[in-house]
Structures are given as C-alpha cells and as structure tokens.
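Enquirer: All I have is the shape, not the residue letters:
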C-alpha cells in the first residue's frame, strides 16, 4: 500500500517542503508516502464552479487507479491521533493505495467529495495550504508510530 497526498496549490515555501520530506522519509518501507502537487486553475474571470471543475479534471488524472479517495474537508470526520491510527490500520488491511486530497483555495468539487471513500477534518481552525500539507504528513507518520508502538507519540 502507498499513501499519496494530492495537494492542489502553488509551490510551497522551503520549510513546508522540508518538513513534509522529513516526515515522509520516516515512513516505513512497506508504507511509502509522497506529496503530489497539482496546479490550481488560473482564476481570471472564471466562476468558482468553473475553477473547481477544471481542478477536478486534474485531480482525476492524478489519482492512482483503484485508490481509496480520502478528502480533507471541514465537515469530515474529526479524529484524534489514535483514531487516525485505527483508520490507517483499516486502510492497510484493505490493501488499496490511499489518495488523501487537499483541495485548492476554492475547495473541492462536490462530485469528488461525494465519491470519496472517507472525509477527514484536520482542524477546526482555517489552515494555510502549506500548513495543512505539513500537518497531514506529520500525522500520517505519527499514526504509523502509534501502530508500531514507537515512542514518537506519547499519550496522556
């Protein structure tokens, strides 16, 4: 199984890329993870719906075939780290690759949200896209460390 973080957005600051790279390199060999950056649609005079439709096409092209689609959405499941670890364990048992989707500035097309296998909420706070990427990469590593009884995560 492979974890793919699909992120619609522009080039991120070096500290975001370095942070994501650090956590992704810590992932176990049997659970590789990466970030796939997708170009956002240029705004111009397009409506929100037109922007989302164009980005939906790019997202569909980038989705690895047969992957479990997990959309990050403010109305998604609000999980603790331990519950995320349990969810990750279930995904691992399923065996399919997992694509975790972070939408662009205007969000994610409703059709994609409806087609998602899971919806997760990272925070009640509004996060910059780079911070969301970094937080997701860190939490995936933390969830794996919980499953492996590694001391990175300390509870209580």
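Expert: Noted; the coordinates are in hand. Not measured: the values here are computed from a predicted model.

Enquirer: So which residues of this structure form strands?
Expert: Secondary structure of the chain by DSSP state E: the strands cover 3-8, 33-38, 68-78, 98-102, 118-121.

Enquirer: Export these to a markdown table and append columns for distance to residue 25.
Expert: Every residue, glycine included, has its C-beta placed from N, CA and C. Converted to a markdown table, these look like this (distance: least, CB to CB, whole Å):
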| stretch | distance to residue 25 |
| --- | --- |
| strand 3-8 | 13 |
| strand 33-38 | 9 |
| strand 68-78 | 22 |
| strand 98-102 | 18 |
| strand 118-121 | 23 |
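
Enquirer: So which of the ones you listed is nearest residue 14?
Expert: Checking those against residue 14 by CB to CB gives strand 33-38 as the closest, at 13.9 Å.

Enquirer: Neighbouring strands - and their directions - for the closest one?
Expert: Each strand paired with strand 33-38, and its direction, by DSSP bridges: strand 3-8 (parallel).

Enquirer: Next, the angle strand 98-102 makes with the partner strand.
Expert: 20 degrees (axes from the mean of the first three to the mean of the last three CA atoms, to 10 degrees).

Enquirer: List the buried residues of strand 3-8.
Expert: 3-8 (16 or more other CB atoms under 10 Å).

Enquirer: ok, which pair from the residues you listed is furthest apart?
Expert: 3 and 8 (17.3 Å).

Enquirer: Show me what the residue nearest the centre of the chain is bridged to.
Expert: Geometric centre of the chain, nearest residue: residue 100, 3.3 Å, by CA atoms, centre = their mean. Using DSSP bridges, the beta-bridge partners of residue 100 come out as residue 5, residue 70.

Enquirer: wait, what's in contact with it?
Expert: Neighbour list for residue 100: 3-6, 70, 72, 120, 136, 140 [criterion: CB atoms under 8 Å, 6 or more residues apart in numbering].
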